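*Asks:* Give me the fold of what follows.
(4 chains)
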Protein chains: 4
Amino acid sequence: MKSDFKFHHELRVRFAETDLQGIVFNANYLTYYDVAWTEYFRAIGLEYKDLIEIGADTVLARIQMEFKSPARFDEVLEVHARVSHIGNTSIIFEFEIYPEGEDRLIGSATSLYVCIDPKTLKPVRAPDDLRLLIGRLEEKDFSQPVN
Amino acid sequence: MKSDFKFHHELRVRFAETDLQGIVFNANYLTYYDVAWTEYFRAIGLEYKDLIEIGADTVLARIQMEFKSPARFDEVLEVHARVSHIGNTSIIFEFEIYPEGEDRLIGSATSLYVCIDPKTLKPVRAPDDLRLLIGRLEEKDFSQPVN
Amino acid sequence: MKSDFKFHHELRVRFAETDLQGIVFNANYLTYYDVAWTEYFRAIGLEYKDLIEIGADTVLARIQMEFKSPARFDEVLEVHARVSHIGNTSIIFEFEIYPEGEDRLIGSATSLYVCIDPKTLKPVRAPDDLRLLIGRLEEKDFSQPVN
Amino acid sequence: MKSDFKFHHELRVRFAETDLQGIVFNANYLTYYDVAWTEYFRAIGLEYKDLIEIGADTVLARIQMEFKSPARFDEVLEVHARVSHIGNTSIIFEFEIYPEGEDRLIGSATSLYVCIDPKTLKPVRAPDDLRLLIGRLEEKDFSQPVN
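*Replies:* Numbers count the residues shown, from 1 in each chain, chains lettered A, B, ... in the order given. The predicted model follows:
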C-alpha cells in the first residue's frame, strides 16, 4: 500500500518504453526502480557521487519483480521506494508502482543491494552515515545490522 | 541559442542511458527528442490521443542529429523544441539540448515528421487545428503550407 | 550448470547495453531473457505469431533475477533456458547466462509466465500443443498440470 | 542498393525494440547502426579494444537518418555498412537496412565519426593501419585524406 512508503518519485511513461502490446515493456520497470533508487538517495541528501565519496558504491545482487497490471504510454507513475533492512553489507529496497493518484498496483519489487568499495569492488560494511540518513527518512534505527 | 526557443522540457539523465564511456549513449538523444516532441504537443494543448482523434498521427521520416558535447549521469538537461516549418503534410521540428542553466550545447537535431491518417497510414494534410495551435505557441502564421 | 539445459541462445553484448560502470546495465538482462524466451519457442517450432494463433499469448507475471558477475561490451553470452514446470495456466522458465565457452555464471533468473487468451487477455489453460512441444525438447511429460 | 555494399551484419528485431505502433521504435535504428559499425571493424580485423590500442577511439559527431518503411518484431534485418570517405580526422559511414533477402529499404543513415586520442579525447589523424584495413575491404585507396 502507498501509505507504507515515505518516499516516491514520479515519472511519465515514454513512447520508447512501450512495446507492440501497447504497454510498458517489462525490462523498463527495472530502469524505473533504478531511477527511484537514485532519487531516494537524493532525497536523503546523497547524490551518486557522494556514495562514491563515502566509499560505498552499491551493486544490485538480486531482484524479485511482480507485474500486476500494465502501464501505458503517457501515464504518470508514482514509484514508491523504501529501505526495509540494512544488513552488514546489504541493503534491501522495496518498490511499488501506482498510476498517479490511483490505488491500482502496477508492479512491485524487492531488491538486494550490496555495498562495495568503489576501488576494490569488494563488499564493505554499509557506512554509518548511510544508516543514519536512511534511518532518518524511514524513522527507523538502522545503526545495527539486521539478521 | 536557447533564446530562439519558446518551449523546453527538462529531464534528468538516467544511469541506464549512459555507456561504458561514462556519457549518454547517442541513441538515447533520439529518445530525448521524442519525449520533448510529446511534451511540445502537450504544451499547445494536444495529448497524443488528441492527435489520433483529430485524424493526424505523425511518423518520423528523417532526422539529422549533431553531437556537440557529452551529457553525463544525473545531469538535468533542457531539451528545447520548436516548429520551424509546416508544409502540406510535413512538420519540421528543431531541437537543442543544454545542461540546465548553462549555454554549453550538447546536441541538436532537425526532424521531419509526416502527418498520416491513423487508419490508412497515408500522408494527410496537417490539420488546421494543429497549424493554429502551433502558430499560437510559436507566434507565427502556419495556416498556409510553406514551400 | 550449463549441462542442466538442453537449449541456449547466443548473443553479443552491444555498446548500447553497457553503463558508466563499464558493464551491462542490469535491466538489459531482462531483455536478454526475453530474447532467449522467443528463441526457445522458435526452437520447439513455434514462432510468436504461432502462439497467438493457437490462442495462447503469455504475460510475464513474476521474475527473480540474480546478478553474479558482470558481462562486458563485445562478450558473446550463452543464455540457457528451460521450462521446469507447466501448471494449469502457468509456465515456469529458468535461465542462466554464461560467457561463451566458460563456466562463470553471469546471472540467473526464474520467470513465471501466464497463458492468456490474446483477445480477452484472461488466463487460459496452457494448450496441449504447447505442452507436447515443450515436453519433446525437455524430454519430460508436461501433459498434466503440475501443482 | 544492397549491391553497393561489401559488408553487412544480420540481426533479429527484439520484442523490446518495438513500440505501441507495433514497429521498431526509431531510436533503436541508431543502435542497429552502432552494432553494424562494431561488426564492420571486426570484419576488417579490428575489435573495439584494438582501436583503443592503436590510439584511435572514435566519436559520433553527426548522423542523418531516413526512415523508409517499418521493421517489425522477429524480422531478420540486414544492416549494410560501408566507409565512403576518410578525411584527416573523420570517417564517413553509410548504412542501409533491408529485411533479409528483400529489396525493401527500411532505413538509411550517413554518419560522421571523428578519430580521437583515447587519453586526451582530442581529434587525431585517422591511423594508417585503419586506412589500409578499410581500403582493403572497400577496394579503394584511403591512404590520403579526401576533401
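*Asks:* At which residues are the strands of chain A located?
*Replies:* Ranges of strands within chain A are A:7-12, A:57-67, A:76-86, A:90-99, A:107-116, based on DSSP state E.
*Asks:* would CSV of these with mean pLDDT and distance to chain C be doable?
*Replies:* C-beta: built from backbone N, CA, C; applies to glycine. As requested, these are exported to CSV (pLDDT from 0 to 100; distance: least, C-beta to the nearest C-beta, whole Å):
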stretch, mean pLDDT, distance to chain C
strand A:7-12, 98, 14
strand A:57-67, 95, 5
strand A:76-86, 98, 14
strand A:90-99, 98, 13
strand A:107-116, 97, 9
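*Asks:* residue farthest from the centroid of chain A?
*Replies:* residue A:20 (27.3 Å; C-alpha atoms, centre = their mean).
*Asks:* tell me the phi and psi of that residue?
*Replies:* Dihedral angles of residue A:20 (phi, psi; degrees, to the nearest 10) stand at phi -70, psi -10.
*Asks:* Hmm, residue D:17 and it touching each other?
*Replies:* No: when contacts are counted by C-beta atoms under 8 Å, residue A:20 is not listed as touching residue D:17 (9.6 Å).
*Asks:* So for the two, which residues contact both of them?
*Replies:* Counting by C-beta atoms under 8 Å, 6 or more residues apart in numbering or on different chains, the common neighbours of residue A:20 and residue D:17 are residue D:73.
*Asks:* tell me, how many neighbours does the nearest residue to the residue farthest from the centre of chain A once chain neighbours are set aside end up with?
*Replies:* Closest residue to residue A:20 apart from its sequence neighbours, by C-beta to C-beta, 6 or more residues apart in numbering or on different chains: residue D:18 at 4.1 Å. If you count neighbours by other C-beta atoms under 10 Å in any protein chain shown, residue D:18 ends up with 23.
*Asks:* tell me the contacts of residue D:18?
*Replies:* A:19, A:20, D:24, D:25, D:72, D:73.
*Asks:* Identify the residue spatially nearest to residue A:75, adjacent ones excluded.
*Replies:* residue A:13 (5.0 Å).
*Asks:* so that neighbour makes contact with residue A:79?
*Replies:* No: in this structure, residue A:13 is not within contact of residue A:79 by C-beta under 8 Å, at 11.4 Å.
*Asks:* Between those two, which is the more surrounded one?
*Replies:* residue A:79 (26 against 19).
*Asks:* if we can go back for a sec, list the contacts for the residue farthest from the centre of chain A?
*Replies:* D:15, D:18, D:19, D:20, D:22, D:23, D:72, D:73.
*Asks:* Around chain D, pick out the residues from chain A.
*Replies:* Selection of chain A residues close to chain D by C-beta under 8 Å from any C-beta of the partner chain yields A:15, A:16, A:18, A:19, A:20, A:22, A:23, A:25, A:27, A:72, A:73.
*Asks:* Pull the number of nearby residues for the residue nearest to residue A:112 when sequence neighbours are not counted.
*Replies:* Excluding its sequence neighbours, the residue lying closest to residue A:112 (C-beta to C-beta, 6+ apart) is residue A:62, at 4.3 Å. Burial of residue A:62 is recorded as 18 neighbouring residues (other C-beta under 10 Å).
*Asks:* Then residue A:93?
*Replies:* Here the number of neighbours of residue A:93 (other C-beta under 10 Å) works out to 21.
*Asks:* and the gap between the residue nearest to residue A:75 and residue B:11?
*Replies:* Distance, residue A:13 to residue B:11, by C-beta to C-beta, to the nearest Å: 13 Å.
*Asks:* I figured residue A:127 hits residue A:57, correct?
*Replies:* No: look at residue A:127 against residue A:57 with C-beta under 8 Å: they stay out of range, at 11.1 Å.
*Asks:* Just want to know which of the two has more residues nearby.
*Replies:* residue A:57 (18 against 14).
*Asks:* need the contact list for that one.
*Replies:* A:51, A:115, A:116, A:117, A:118.
*Asks:* okay, among those, which ones form the most distant pair?
*Replies:* Largest separation among the contacts of residue A:57 by C-beta to C-beta: A:51 and A:117, giving 11.7 Å.
*Asks:* More neighbours: which of those two?
*Replies:* Per other C-beta under 10 Å, whichever of residue A:51 and residue A:117 has more neighbours is residue A:51, with 19 against 12.
*Asks:* Could you find the closest non-adjacent residue to the more buried one?
*Replies:* With C-beta to C-beta, 6+ apart, the residue lying closest to residue A:51 is residue A:57, at 6.1 Å.
*Asks:* Equivalent analysis for residue A:26, please.
*Replies:* residue C:60 (5.2 Å).
*Asks:* Please apply the same query to residue A:67.
*Replies:* Residue A:67 sits nearest to residue A:107 (C-beta to C-beta, 6+ apart), 5.2 Å away.
*Asks:* and that neighbour, bridged to which residues?
*Replies:* residue A:67, residue A:97 (DSSP bridges).
*Asks:* So which residues on chain A come close to chain B?
*Replies:* Residues of chain A lying near chain B (C-beta under 8 Å from any C-beta): A:14, A:15, A:16, A:31, A:34, A:35, A:38, A:47, A:48, A:49, A:73, A:74.
*Asks:* my read: residue A:8 touches residue A:76, true?
*Replies:* No: when contacts are counted by C-beta under 8 Å, residue A:8 is not listed as touching residue A:76 (11.4 Å).
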